[in-house]
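> sequence and predicted structure are below.
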Amino acid sequence: MAAVNLIGSYNYVLVALSVLIAIFASYAALDLAGRVTAAGGWTRAVWLLGGAGAMGTGIWSMHYIGMLAFILPIPVSYHWPTVLLSLFAAIVASVVALGVVSRQKMGWFRALAGSVLMGAGIASMHYIGMAAMRLSAICQFNSFLVILSVVFAVLISLAALWITFRFRNEKTGTGWEKLAGAVVMGAAIPVMHYTGMAAASFTASDMAADLSHAVNISTLGTAGIAAVTFFVLGLALLTSWVDRRFATQTLEVQEEKLHQSEAYLSEAQRLSHTGSFGWRVSTGEINWSEETYRIFQYDRTVKPGVEQILQRVHPEDAALVRETIGRAAQDREDFDFEHRLLMPDGSVKHVHVVAHAQRDESGELEYVGAVMDTTENKRAEEALRRSESYLAEAQRLTRTGSWAWRVAGRDAVHLSEEWYRIYGFDPEEGLSAWEKRRQRMHPEDQAKWQGVIERAIAEKSDYDVEHRILLPDGTVKYTQTVGHPVLNASGDVVQFVGTMIDVTERKRAEEERERLRHAHADLARVNRVTMMGELTASLAHEVNQPIAAAVTSATSCLHWLAGEVPNLDKARAAAMRIVKDGTRAAEIMSRIRLLFQKGTPQWELVDVNEVIDEMIVLLRGETRQHAIFVRTELAADLPQVMGDRVQLQQVMMNLIINSIDAMKVVDGSRELVIGSQRTENEQLQVSVSDTGVGLPPEQLDQIFDAFFTTKPHGTGMGLRICRSIVEAHGGRLWAANNSPRGATFYVSLPTKAEVRE
């Protein structure tokens, strides 16, 4: 039987359907490529496999419906295992395509390799699909058209990869651009299929077709394949749309968080005065954050560069900055340094720059770093250094060292330089000097010191102890140590902090003051004795008067008792006069004895008016002898003052005697006025005013100086001693001339003075 060529025809409805499926599959491929690109990790693998399945199903469906559109005059069946193999080839080709286009970059080599693999997969799908045909005919292929179909498959794959890569990200184009790309791809893919179909020719054969595992595809089956294809692709697109919606919402949230984070970062940089920067070494390009612009005081329109940085660098630091930048560009290592900026207004800023070297995606060297405005920190550090210097100087001047020690190990945690100086240690010894301090503590004071420390720990209380230090050269220092406990959250003592004061000079000064006090008391006593010696005649007269009166009264008493009839009333009156005159003489002698007395001051509450009255009585003989009229103006209900009665008596006696001496040599009236009154600020003032010769105006400020006197036979110590006594009582002594003649001495004493040791 002669070979008969079978002439086939096409069902153009199915051809159009295949093209439509190709366009739909292409659109799905574009959409799915975007999801694969956007995904990561296991999600990317799921989208890659799922997308490849949907895309491969679409390509295979286009191919199979295209084959069903080809009609031969003989029955055609299809070997379904081979059909499934062709579907697998389509899916593999789709995996390759999606894997290539989902990369971040697609170079020419990757594009060509991917297009060859994808084209080979599509061609394999086509010819495997044709191998699944079961019919009573022999199929032959035109080699040229077969090769041409494979070339078309590769070229179409290359175009499909480029289009898919171009439109995989929906943000780069609108839906119309993606649709246009799908139409181009959908129209191009069938070209390869129908070229491959044109390469096949069929010759009728008497041999029966092997119909095992073969199926016939009816019109309903074709419709089912198309429906399933559209369903799969539609489901893939729907899934992609839903995922895109969630991704968009997530992206919006992330962008919002990113904007918020950037705002927080910007605010944090502003608050911390820390700007960020990026520096690409190869191009010299530098990017600054807003805070960096603020630190360098450049406008945002200025493009930052090395020159702009050097314009702000302090001239004294310019060489350092240039060297650091040059070394960083050459060595490609991190850098960390500080320098100053000289701003246009002349102010100086201190900045700390730190940067980390890294490679970008293209392998170029870039630095990412931060620039911190440390001006305030520098000022604070400088202020702290000054404060520490002032503190160290203050401790040196006051001989006060500070310390802190831990209770648990009895070891020091802080020792100031002055502490080392007091103990005679070298600060270079460090905290180890703390253990050696006991060796320099005076042996007689160690037990006392140890007892105070143990009691302070047990009672969780402050301690204040004085002890001596015995230095290697035999020098003895007196120190006062004050400690304060530091408690933890549980209320246990963990540390003691405190000070140590070198009170050696104070101790010596106290001893010297004590000697001076005794010397002053002795001098005051000598002064009193001298005055009493000068007043011997007057005092003898004052004592003789009550004694003589007592003798007279005693004689009268005996006379009245010796009568035949004793006059007891008159004798009793005479005896009472004897008692009165004897008491008067005894009081005078008691006051004289007090003024002669030697001893330390006895502080008590003293009535100043009583002291004045006592001195007026004691010196009455002098005032009477020189015809001096004495008048007092003493305020009633005066508060008492705290002081030594004898010393205050001495002051009043000196001032009254000076007034008497000043009035001895004048003619006319001689009047002594002694007054007392309360003044402001809780002060009590006593005045002694006379009508004597007065004080020399040109020497008014010198009368209280030691050894200065206006008397021919004066010692110049009386007023000096009086002022010392008044000042020791917290008061003041001064003088002024009267008009027309005479002088007044004023004594001001506090009424709230405390008892003095």
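Cool, got the structure. Residues are numbered from 1 along each chain as shown.
> which parts of the stretch 651-757 of the chain are strands?
671-679, 683-689, 732-737, 743-750 (DSSP state E, counting those that start in this stretch).
> can you list those strands in JSON lines and add mean neighbour count and distance to Tyr420?
Every residue, glycine included, has its C-beta placed from N, CA and C. Output for those, formatted as JSON lines (neighbours: other CB atoms under 10 Å; distance: least, CB to CB, whole Å):
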{"stretch": "strand 671-679", "mean neighbour count": "17", "distance to Tyr420": "52"}
{"stretch": "strand 683-689", "mean neighbour count": "20", "distance to Tyr420": "48"}
{"stretch": "strand 732-737", "mean neighbour count": "16", "distance to Tyr420": "45"}
{"stretch": "strand 743-750", "mean neighbour count": "20", "distance to Tyr420": "44"}
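> to Phe629, which of the ones you listed lies closest?
Smallest distance to Phe629 across those (CB to CB): 4.9 Å, for strand 671-679.
> which neighbouring elements make contact with that closest one?
helix 608-618, strand 629-634, helix 645-664, strand 683-689 (3 or more CB pairs under 8 Å, 6 or more residues apart in numbering; DSSP states H and E).
> mean neighbour count, those: which tops it?
Compared across those, helix 645-664 shows the largest average neighbour count, a mean of 22 (mean count of other CB atoms under 10 Å).
> report the distance from that one to the chain centre.
67 Å (CA atoms, centre = their mean, to the nearest Å).
> closest one to Arg645 among the strands of the stretch 651-757 of the chain?
Nearest of those (CB to CB): strand 743-750, 12.8 Å.
> list the contacts of the closest one.
Contacts with strand 743-750, where a contact means CB atoms under 8 Å, 6 or more residues apart in numbering, come from 608, 641, 643, 651, 655, 658-659, 662, 679, 682-690, 692, 694-695, 726, 729-738.
> output stretch 123-130 as PDB, nothing but the C-alphas.
Below are the C-alpha coordinates for stretch 123-130, written out as PDB (Å, rounded to 0.1, in the frame of the first residue of the first chain):
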ATOM      1  CA  ALA A 123      11.000  22.100  23.900                       C
ATOM      2  CA  SER A 124      11.200  18.900  25.800                       C
ATOM      3  CA  MET A 125       7.700  19.400  27.000                       C
ATOM      4  CA  HIS A 126       6.500  20.000  23.400                       C
ATOM      5  CA  TYR A 127       8.200  17.000  21.900                       C
ATOM      6  CA  ILE A 128       7.500  14.700  24.900                       C
ATOM      7  CA  GLY A 129       3.900  15.700  24.500                       C
ATOM      8  CA  MET A 130       4.000  14.800  20.800                       C
END
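> how far off centre is that stretch?
Relative to where its chain is centred, stretch 123-130 has its mean C-alpha point 76 Å off (CA atoms, centre = their mean).
> who wins for proximity to Met197 among the helices and strands packed on strand 671-679?
Among these, strand 683-689 sits nearest to Met197 (CB to CB), with 131.0 Å.
> in its sheet, which strands sit next to that closest one, and in what direction?
With DSSP bridges as the test, strand 683-689 is paired with strand 671-679 (antiparallel), strand 743-750 (antiparallel).
> report the inter-axis angle for the first one versus strand 629-634.
Angle of strand 671-679 versus strand 629-634, following axes from the mean of the first three to the mean of the last three CA atoms, to 10 degrees, is 10 degrees.
> now the last one
Relative orientation of strand 743-750 versus strand 629-634 (the same axes, to 10 degrees): 30 degrees.
> to Ala16, which of the helices and strands packed on strand 671-679 lies closest?
That would be, of the helices and strands packed on strand 671-679 and by CB to CB, strand 683-689, which comes in at 124.6 Å.
> would CSV of the strands paired with strand 683-689 with mean pLDDT and distance to Arg300 be doable?
Below are these laid out as CSV (pLDDT from 0 to 100; distance: least, CB to CB, whole Å):
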stretch, mean pLDDT, distance to Arg300
strand 671-679, 92, 74
strand 743-750, 92, 72
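> now distance to Trp405 too, for those strands, in a markdown table please.
A markdown table is the format used below for these (distance: least, CB to CB, whole Å):
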| stretch | distance to Trp405 |
| --- | --- |
| strand 671-679 | 53 |
| strand 743-750 | 43 |
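> and the ones you listed: which comes nearest Pro304?
strand 743-750 (73.5 Å).
> reformat the helices and strands packed on strand 671-679 as JSON lines; add mean pLDDT and distance to His339.
Formatted as JSON lines, the helices and strands packed on strand 671-679 follow (pLDDT from 0 to 100; distance: least, CB to CB, whole Å):
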{"stretch": "helix 608-618", "mean pLDDT": "86", "distance to His339": "75"}
{"stretch": "strand 629-634", "mean pLDDT": "92", "distance to His339": "81"}
{"stretch": "helix 645-664", "mean pLDDT": "84", "distance to His339": "72"}
{"stretch": "strand 683-689", "mean pLDDT": "92", "distance to His339": "65"}
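> of all the ones you listed, which one is nearest Val253?
Of all the helices and strands packed on strand 671-679, strand 683-689 sits nearest to Val253, with 81.1 Å by CB to CB.
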